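> turn this into a structure:
(one chain, ligands or ions: 2)
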Amino acid sequence: MSENILIELKGLTKRYGYGDTESYALKDFDLTIKRGEFIMIMGPSGCGKTTLLNIIGLLDRASKGEYILNGENVAGISARRQAKLRAKKIGFVFQNFNLIEDLTVIDNVALPLVYTGYSKTAQLKNASNALKRFHLNEREYYLPYQLSGGQQQRVAIARAIVGDPEIILADEPTGNLDSRSSHIVMEELKAIHEEGNTIIMVTHNPSLTSYATRVINMLDGQIDTDVKTVADANLPQPISVKIKKRKKVEESEFVSMPTDEIKKEPTEEEPTEEDESKEPAKPKKKRKKSKNNKKDRRNK
Ligand SMILES: Nc1ncnc2c1ncn2[C@@H]1O[C@H](COP(=O)(O)OP(=O)(O)OP(=O)(O)O)[C@@H](O)[C@H]1O
Ligand SMILES: [Mg+2]
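Ligands and ions are numbered 1, 2, ... in the order given. Down below sits the predicted model:
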């Protein structure tokens, strides 16, 4: 198996009901996704797009078939392990933002980190960094209703990326936005993709497909057309390489790294007390390529 393959779906079927009421949301669905792809999924209402995204996101299970994620068949694993994988590898963006209305913006963004072993301070620092990226740090203590739709969706994207997942799943992320806000959200997703993340996005808007490296049209639970607009060789650098590099830095900086994957120590994504007292756009030393550095460059 090529090491660049992130996801393989084989004969995936999702059936609802039995007998006379039996219907299929997905039917013998096969799909191979490489790291660094930006896939847009289109198709008429009811053709199975959300069902597909929910299964890829480990929010739902197929009735039949294999789902291989990073070489492991995850279709039959326990709900607990699915939840763990989901928290570590997958970020979600939904059409209606799905922010918790009585939590502040920063607490919403920190939510995916709650069960990762980060201290509360580290959770909030990471959330704050993610919000800075979207120029929303001045609104950290607002409640969602005090933000525009476009701002709420950017908060939702900050929440999706705060745990540094490899895969971003977006179900009609611009469906509730005006064209200007849609454009801003798409530019953010494009930047996240260029950093090596894999994005799978459902949309009804054909004009957005210019952002994708591959466009899949679905019909009745199956693939109707599948067009790659960027050759595999030209996809952004896979994030797995970045993870390897990052681990090296962590190991040299923190002498006693816990081996348990969910017991994370603060990473370079978190500012130190010293960093906080400095200009955010001036890192104190040359650092390896990271999301923050990219953000810094874009802000210049
Ligand atoms: N819980 C359920 N029980 C029964 N049928 C369901 C259920 N969830 C989805 N379906 C059916 O599965 C099919 C696919 O639904 P899905 O939500 O994936 O469509 P979609 O392509 O996302 O549509 P839309 O563009 O309207 O969001 C539909 O026919 C739907 O009615
Ligand atoms: Mg849907």
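> helices of the protein, start to end?
49-56, 79-89, 105-110, 120-133, 149-161, 179-194, 239-253, 273-276, 291-299 (DSSP state H).
> which residues touch the fifth one?
Going back to what we said before, that points to helix 149-161. The contact list for helix 149-161 (C-beta atoms under 8 Å, 6 or more residues apart in numbering) reads 91-94, 97-99, 105, 108-109, 111-112, 127, 130-131, 133-134, 136, 139, 144, 147, 168, 170, 173-174, 176-178, 180-181, 184-185, 188-189, 192, 197, 291. Backbone N, C-alpha and C define where each C-beta goes, glycine included.
> so which bits of this structure are right by ligand 1?
Counting by C-beta under 6 Å from any ligand atom, the chain comes close to ligand 1 at Tyr16, Ala25, Gly43, Ser45, Gly46, Cys47, Gly48, Lys49, Thr50, Thr51.
> these two touch, right, Pro236 and Thr198?
No: applying C-beta atoms under 8 Å as the test, Pro236 and Thr198 come out as separate, 9.3 Å apart.
> burial of the nearest residue to Lys49 once chain neighbours are set aside, as a residue count?
The shortest distance from Lys49 to any non-neighbouring residue, by C-beta to C-beta, 6 or more residues apart in numbering, is to Val202 (4.4 Å). Each residue near Val202 was counted by other C-beta atoms under 10 Å, and the total is 22.
> residues touching Val202, list them.
By C-beta under 8 Å, 6+ apart, the residues touching Val202 are Met40, Ile41, Met42, Lys49, Thr50, Leu53, Ala170, Asp171, Glu172.
> which pair in these spans the largest distance?
Greatest spacing in the contacts of Val202, by C-beta to C-beta: Met40 and Thr50 (14.1 Å).
> tell me which of these two has more neighbours.
Ranked by neighbour count (other C-beta under 10 Å), Met40 and Thr50 place Met40 first, with 23 against 19.
> ok, what's across the strand from that one?
Going by DSSP bridges, Met40 is paired in beta bridges with Met201, Val215.
> show me the contacts for it.
Residues counted as contacts of Met40 (C-beta under 8 Å, 6+ apart) are Met201, Val202, Thr203, Leu208, Thr209, Tyr211, Ala212, Arg214, Val215, Ile216.
> pull out the CA atoms of stretch 37-46 and give them to me as PDB.
Only the C-alpha atoms of stretch 37-46 are listed here, as PDB (Å, rounded to 0.1, in the frame of the first residue of the first chain):
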ATOM      1  CA  GLU A  37      -6.300  16.000  -1.300                       C
ATOM      2  CA  PHE A  38      -9.000  18.600  -1.200                       C
ATOM      3  CA  ILE A  39     -12.100  16.700  -2.200                       C
ATOM      4  CA  MET A  40     -15.400  18.400  -3.000                       C
ATOM      5  CA  ILE A  41     -18.400  16.200  -2.900                       C
ATOM      6  CA  MET A  42     -21.500  17.300  -4.800                       C
ATOM      7  CA  GLY A  43     -24.800  15.700  -5.800                       C
ATOM      8  CA  PRO A  44     -28.500  16.100  -5.400                       C
ATOM      9  CA  SER A  45     -30.200  16.200  -2.000                       C
ATOM     10  CA  GLY A  46     -30.500  12.700  -0.500                       C
END
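> any idea of the mean pLDDT in it?
Stretch 37-46 comes out with an average pLDDT of 97.
> pull out the buried residues from that stretch.
Neighbour counts over stretch 37-46 (16 or more other C-beta atoms under 10 Å) mark Glu37, Phe38, Ile39, Met40, Ile41, Met42, Gly43 as buried.
> I figured the second one hits Ile199, correct?
Yes: taking contact to mean C-beta under 8 Å, the distance of 4.7 Å between Phe38 and Ile199 places them in contact.
> any common contacting residues for the two?
With C-beta under 8 Å, 6+ apart, Phe38 and Ile199 have common neighbours Leu189, His193.
> per-residue confidence at Leu59?
Per-residue pLDDT puts Leu59 at 94.
> thought it was touching Arg86?
Yes: the pair Leu59 and Arg86 passes the contact test of C-beta under 8 Å, sitting 7.4 Å apart.
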